[in-house]
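1. below is the sequence, then the predicted model.
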Amino acid sequence: MNYVEVAVDAPIGPNKTLTYSTSEKLRVVTGQMVWVPLGQRLVQGIVFSLVDEPKLRSIRSVVSVIDPAPLISMRGLCLARWMSRHYQCSLFESISVMLPPGFRSNIDAYLEPLVENTPTSSLTKTAQAILQYIRVQGSVKEKTIKKTWGYVADNSVSRLISEGFVRRNWTIPHTRSSPSYRVSIIPKFPDKGVKAVAYLSSIGAFKQAALLKDLLLRPRDATLEEARRKYSTSVIDGLLGKDLLIQKWERVVSTSKSAVILPDQPLELTSEQQSVVDHIRTKLGSYDKRPRTILIHGITGSGKTEVYLRALDDCIRLGLRAIFLVPEIALTPQTMERINMRFPNQVALIHSGMSMKNQLDQWWGIRRGEFNVVVGPRSALFSPMPKLGLVIIDEEHEWTYKEQERQPRYHVREVAVELARMVNICVVMGSATPDIVTYFEALKGKHKLFNLPYRVGVRSNTNSTVPGILSLPKVDIADMRQELMAGNRSIFSRALSTGLKKCISKGEQAILFLNRRGSASVVQCRDCGMVLRCKRCAVTLTYHKLRGLLCHQCNLGYKSVTVCPECESPRIKYLGQGTQKVEEEIKSLLPWVSVSRWDSDSVVESGGHAAIMESFARGESQILVGTQVVSKGLHLPNVSLVGVILADIGLHLPDFRAGERTFQLLCQVSGRAGRGDIPGNVIIQTYNPKNYAVLAGANQDYRAIFETEIEYRRQQGNPPFSGLVHLTYSHFNEDVCKEEAQNFNKELRKLIEGDANRRISVIGPAPAHVYRIRGKYRWHIILRGDDIVNLIERMKIPRGWSIDVDPVSVL
DNA sequence: AGCACGCCGACT
DNA sequence: GTCGGCGTGCTC
Ligand SMILES: [Zn+2]
Ligand SMILES: [Zn+2]
């Protein structure tokens, strides 16, 4: 008997595995996925290790192996261990991000009737009805019972099982193997086909004769799958056994356009770029020289992408492979295109927008080592790339790199840095506005820091270095308080409206940026001021052109209203998205100008982000109003004015990263102006013109924001000076929710008081920023200090609490 | 997470 | 007395 340690799909504590026994013939190996019994059900599990002696007496055995191929490499298993402890999730949860797309599933239990003649009089009416139903049907999904009888069935079903009327059973679904191969069956001797058919008929193999005849008459090869639909496996096997058929295995070529890619030429490097590339080269594949993590702080247009491409090239030349992470695929088509052009037919792309089949093909292709580079969002870090040597994280500061919704709530930067500590890979992070934490770490020597302070000549082969200061756009701050005092109630300051007029009259283009948070559409009553809210969540509903009234938290759709539910007034006002309002204002200011919008509605209408960007780049409209920052890499030489409608949105949120976030946004927006031959102008409208984040953003002064922000963080003990853990409790009952939060808070404080060195402080409990989601009330507690995980491990967390370690925001 | 078990008020 | 609603604890 062999024993294995399995990470099962159940929320048992972090880093816990359960022991199962296996027989020799199952041939269970590490990294495989298996079905194992757990209590009264069957769950998926990943084999973590093989052990000789079990620690327990009561051990059950592995039911079956789901895929003979080990799905998780040693690297993955080690990383999962670390993630499980660091993010306080189950081992299986941390494994779940590494599985082939769509692999995680649960199995349906069926109820089967047992002995017929037992008297049923001891049963309740519901139980009798359910039993009757199961006996008639023969075998019924347990889910079906629960659906038709509701949760009243719960007791009855367990009663039926315990008293031996029915039993649970499972049918294990067929193994999903690599989908990239198509097996066709073709007659081996087509010219002697007629003879063969006659022979088969003569020996009584009529089905086999029919199949062979079918195949001979077909114009094209039949796939095994097609044949299986009409004939049983034994018929097909019979013909194969008689050597009348041959199987042909074909690689399925991905149907995505395999356009001819014109390889592009590497650009000449500046000395600054060259030194970064040289440094990375020394780290690639090296074991000893730490740190193997690198931060490139390079202003917009300083040529970070070219550095990445050179690093990729060096990596591939060494026979190693790379993962290139981008914040959002849809917003960075140019980056993808450049990588593709430099490394034709070597790049895999994987993201959730692709079809499941496509994703699976890419996953298995990556695993077989068919690609040298994987490009993707945060989840791409976990793609099964063999011989990994390099991970690049572009726009390192972006929040999309942190998973916030479900466990594992990981930050891909943290995981990549940990990976570089575990194995000999090199991590290159780059940003014009590095995360305060990353930059601080780099200054402390945790990462090797490089600065690229100059813009390189955009798209020019001379590649001349011009000091960044000279080509930086002129930035003006418009004080909206003064505008109000001067009687200007328009959303445009005088500076911005004259700027727009001037820009347009010269035939140039302008971009107006609006923070998405302030741009949501609302539905309001003109008489009583009522705003429509979701009945399950404490948020206002938004109105989408395509999907109508919608709750942003729970995705619930609503019918549009014509009468106010509060005062029955019919005067209902549909305030469009903020971008629409801005568009209207432009129309009244400059009626003849063509304006295009870039927001959630217009993305749907005009066919995607890329379509909007390209249309504007071609000059089809003169002003672009958007909630998106135009992606990097898109050349917009004609844009001479960029306006930020209101910089303050989000600035006063009760979140310690609010200032940093505002700065990043302003920097990114201003970075769009003045990249062509026309000197650019940026106008930032604000009610807080003296705010440090607004000022630093306006001046694109990273040093200023870093120094101010790091001092705040030091004073308040926020990251990077201590860790944070965000605990949220949610419950349908408001009082229960509050009570539990207060109880747990007491427990936490008691435990901390008892500690010798009380290095952890408890903040809260307090109602969460969004007080109710999907009908559940929410209270939260923030823990601040060092080694909080250690504290959490020492106490049992009651169910209903969700844990976010190193949260990106504590709203 | 699911599932069982056990306790308690409501109703035959 | 049973029924079923809900809190609690365990799963190799
Ligand atoms: Zn009203
Ligand atoms: Zn909602």
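-> Looks like it arrived, so ask away. Numbers count the residues shown, from 1 in each chain, chains lettered A, B, ... in the order given. Ligands and ions are numbered 1, 2, ... in the order given.
2. who's in contact with the one residue in the stretch 1-150 of chain A that gets nearest to DNA strand B?
-> Per C-beta to the nearest atom of the strand, A:Gln40 is where the stretch 1-150 of chain A lies closest to DNA strand B, at 3.7 Å. Yep, even glycine has a C-beta here, placed from its N, CA and C like the rest. Going by C-beta atoms under 8 Å, 6 or more residues apart in numbering, A:Gln40 touches A:Arg168.
3. how about the residues of chain A by ligand 2?
-> Applying C-beta under 5 Å from the ion, we find that chain A lies next to ligand 2 at A:Cys534, A:Arg536, A:Cys537, A:Cys551, A:Gln553, A:Cys554, A:Leu556.
4. swap in 8 Å and give it another go.
-> A:534-537, A:539, A:541, A:551-556, A:773-774 (C-beta under 8 Å from the ion).
5. filter these down to the ones near DNA strand C?
-> Applying C-beta under 7 Å from any atom of the strand to the residues of chain A next to ligand 2, one finds that nothing falls near DNA strand C.
6. could you flag which of the residues you listed are buried?
-> The neighbour-count test (16 or more other C-beta atoms under 10 Å) marks A:Cys534, A:Cys537, A:Val539, A:Leu541, A:Cys551, A:Cys554, A:Ile773 as buried among the residues of chain A next to ligand 2.
7. quick one: residues contacting the last one.
-> Right, the one you point to is A:Ile773. Taking C-beta under 8 Å, 6+ apart, we find A:Ile773 in contact with A:Arg536, A:Cys537, A:Ala538, A:Gln553, A:Cys554, A:Ser730.
8. can you count the residues close to the third one?
-> Spelled out, it's A:Ala538. 16 (other C-beta atoms under 10 Å).
9. for it, report the pLDDT, please.
-> Here the pLDDT value assigned to A:Ala538 is 86.
10. not counting its neighbours along the chain, what's nearest the residue in the stretch 351-500 of chain A positioned nearest to DNA strand B?
-> Nearest residue of the stretch 351-500 of chain A to DNA strand B (C-beta to the nearest atom of the strand) works out as A:Gln407 at 9.1 Å. Distance criterion C-beta to C-beta, 6 or more residues apart in numbering; nearest residue to A:Gln407, sequence neighbours excluded, is A:Cys89 at 3.8 Å.
11. for A:Leu575, same thing?
-> A:Val522 (5.0 Å).
12. what does the model give the one you found for pLDDT?
-> 81.
13. okay, now it: neighbour count?
-> Counted with other C-beta under 10 Å, A:Val522 comes out at 16.
14. with the one 10 residues further on instead?
-> By other C-beta under 10 Å, 23 other residues sit near A:Leu532.
15. over to A:Lys304?
-> 25.
16. chain center to the longest helix seen in chain A, what's the gap?
-> Counting by DSSP state H, the longest helix found in chain A is helix A:734-754. Taking C-alpha atoms, centre = their mean, to the nearest Å, one finds helix A:734-754 lying 32 Å from the centre of the chain it belongs to.
17. same check, this time on stretch A:349-356
-> 11 Å.
18. what's the mean pLDDT across it?
-> pLDDT averaged over stretch A:349-356 gives 90.
19. mind listing what's buried along that stretch?
-> By neighbour count with 16+ other C-beta under 10 Å, stretch A:349-356 contains the buried residues A:Leu349, A:Ile350, A:His351, A:Met354.
20. the residue nearest to A:Gln407: neighbouring residues, count only.
-> Neighbour number of A:Cys89 under other C-beta under 10 Å is 25.
21. now for it: which residues touch it?
-> A:Pro14, A:Met83, A:Gln407, A:Pro408, A:Arg409, A:Ile803.
22. look up which helix or strand A:Met98 falls in, please.
-> Assigned by DSSP states H and E, A:Met98 belongs to no helix or strand.
23. do A:Asn488 as well
-> Here A:Asn488 is assigned to no helix or strand, by DSSP H and E.
24. now do the same for the residue of chain A most remote from its centre: its pLDDT.
-> Centroid-distance maximum for chain A: A:Ser202 at 61.0 Å, with C-alpha atoms, centre = their mean. A:Ser202 carries a pLDDT value of 88.
25. confirm that A:Thr126 sits in a helix.
-> Yes - according to DSSP: H, G, I helix; E, B strand; the rest coil, A:Thr126 belongs to a helix.
26. helix/strand/coil for A:Ile246?
-> A:Ile246 - assigned by three-state DSSP - is strand.
27. point out where the stretch 501-650 of chain A drops to low pLDDT.
-> Scanning the stretch 501-650 of chain A with the threshold set as pLDDT under 70 gives A:518, A:630-634.
28. near ligand 1, which residues of it?
-> Residues of the stretch 501-650 of chain A lying near ligand 1 (C-beta under 8 Å from the ion): A:525-530, A:564-569, A:571.
29. so where do the helices sit in the stretch 451-600 of chain A?
-> A:468-471, A:480-485, A:494-505, A:578-589, A:600-605 (DSSP state H, counting those that start in this stretch).
30. which one's the longest strand in chain A?
-> As assigned by DSSP state E, the longest strand anywhere in chain A is strand A:760-773.
31. so the following helix or strand past that strand versus strand A:760-773, what angle?
-> Following strand A:760-773 in sequence order, the next helix or strand is strand A:776-785 (DSSP H and E). Counting by axes from the mean of the first three to the mean of the last three C-alpha atoms, to 10 degrees, strand A:776-785 lies at 160 degrees to strand A:760-773.
32. give me the contacts around strand A:776-785.
-> With C-beta under 8 Å, 6+ apart, strand A:776-785 has contacts from A:717-718, A:722-734, A:737-738, A:740-741, A:744-745, A:748, A:759-768, A:770-772, A:791, A:810.
33. what helices or strands is the helix or strand following it leaning on?
-> Once strand A:776-785 ends, the next helix or strand along the chain (criterion: DSSP H and E) is helix A:788-793. If you count contacts as 3 or more C-beta pairs under 8 Å, 6 or more residues apart in numbering; DSSP states H and E, helix A:788-793 packs onto strand A:723-731, helix A:734-754, strand A:801-805.
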